[in-house]
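K.L.:
Predicted coordinates and the sequence they were generated for:
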Amino acid sequence: MIEWFTWVQLAVAVAAGVLCLVLGLAGRVPSDLTIGALALVEVLLVVQLVVAILAPAFGNEPTGSLLEFYTYLVSALLLPPAAAFWALLERNRWSTVVLGVAALAVGVMVYRMLQIWTVQSA
Amino acid sequence: MSKLQNPPEEVRPSTRMSGVGRVLVTVYGVLALAATGRSFVQIVSKFDEAPLAYALSALAAVVYIVATIALVRPGVVWYRVAWATIVFEFMGVIVVGALSVMMPDLFPHDTVWSGFGRGYLYIPLVLPVLGMWWLATHRPAAPGSSSARPAAGPAGEGAA
């Protein structure tokens, strides 16, 4: 795991979450901006997956449980597409809020992943 | 799943499931995913350490999944299933939460409900309350989602 990248990813997920929540509560339907923000969160998760697969080969080993790490990562990867699908079945302000909830949940999961990799049993 | 050209009655979208209800279901879905993930890790890697706590975790995960589905599905039966699962998880978070605080020895390993859902930002404590409020204010419009209409259905419905 590349720590600074994970912090950036965490910041993006939280920012996307807050953005979607605010716009949703302000009554906006999902737009290119909010869907795009969630798509960015997803792309960063895919990058994180690639990094996680490659890292141990470069001597970057997790301190904690790899199984737990990947459970979080796979769950997080599922969230944005599922939330986008669920939100767009009915496009209204709450769809945007749903996107925000998903992005914030990804943020929490990324933070847990960071802990598992760096401090869980260090 | 499959979109029919002339959807029969029972395929109509649930009246329960629109607007802010979608947000509620999203949070339920996330919690179901989190509980399932945690329970999966616990059972695969260290079930022997605390079979009771981890079996409870798995049960909680299943209940969250059923509750999520029940909130989405239309009809009186799913409405009752939603009530049952949400009341169950509310009892779970209160009882296990209280026990884990008063008798920590009993729950040395975390479950979703330990410390009243502390590990999950207290969402497991708040969510059932919101769920029950949602169910109470969104009774199924017509008793029975299809032609199988229970005879005693409408009695309570109209009063609300």
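P.N.:
That came through fine. Numbering: from 1, shown residues only, chains lettered A, B, ... in the order given.
K.L.:
quick one: the host helix or strand of residue A:53 near chain B?
P.N.:
Using DSSP states H and E, residue A:53 sits in helix A:32-54. No - applying C-beta under 8 Å from any C-beta of the partner chain, one finds helix A:32-54 out of contact with chain B, separated by at least 12.5 Å. Glycine gets a C-beta too; all of them are placed from N, C-alpha and C.
K.L.:
For that helix, buried residues please.
P.N.:
Within helix A:32-54, the residues that count as buried by 16 or more other C-beta atoms under 10 Å in any protein chain shown are A:34, A:35, A:37, A:38, A:40, A:41, A:42, A:44, A:45, A:48, A:51, A:52.
K.L.:
so what's the fourth one up against?
P.N.:
Just to be clear, that refers to residue A:38. A:16, A:20, A:80, A:83, A:84, A:99, A:102, A:103 (C-beta atoms under 8 Å, 6 or more residues apart in numbering or on different chains).
K.L.:
can you list those residues in TSV and add secondary structure and pLDDT?
P.N.:
Output for these, formatted as TSV (DSSP: H, G, I helix; E, B strand; the rest coil; pLDDT from 0 to 100):
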residue	secondary structure	pLDDT
A:16	helix	97
A:20	helix	96
A:80	helix	96
A:83	helix	93
A:84	helix	92
A:99	helix	95
A:102	helix	95
A:103	helix	96
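K.L.:
secondary structure element for the residue positioned nearest the centre of chain A?
P.N.:
The centroid of chain A falls nearest to residue A:106 when counting by C-alpha atoms, centre = their mean (3.3 Å). Secondary-structure assignment from DSSP H and E places residue A:106 in helix A:93-118.
K.L.:
repeat for residue B:57
P.N.:
helix B:51-72.
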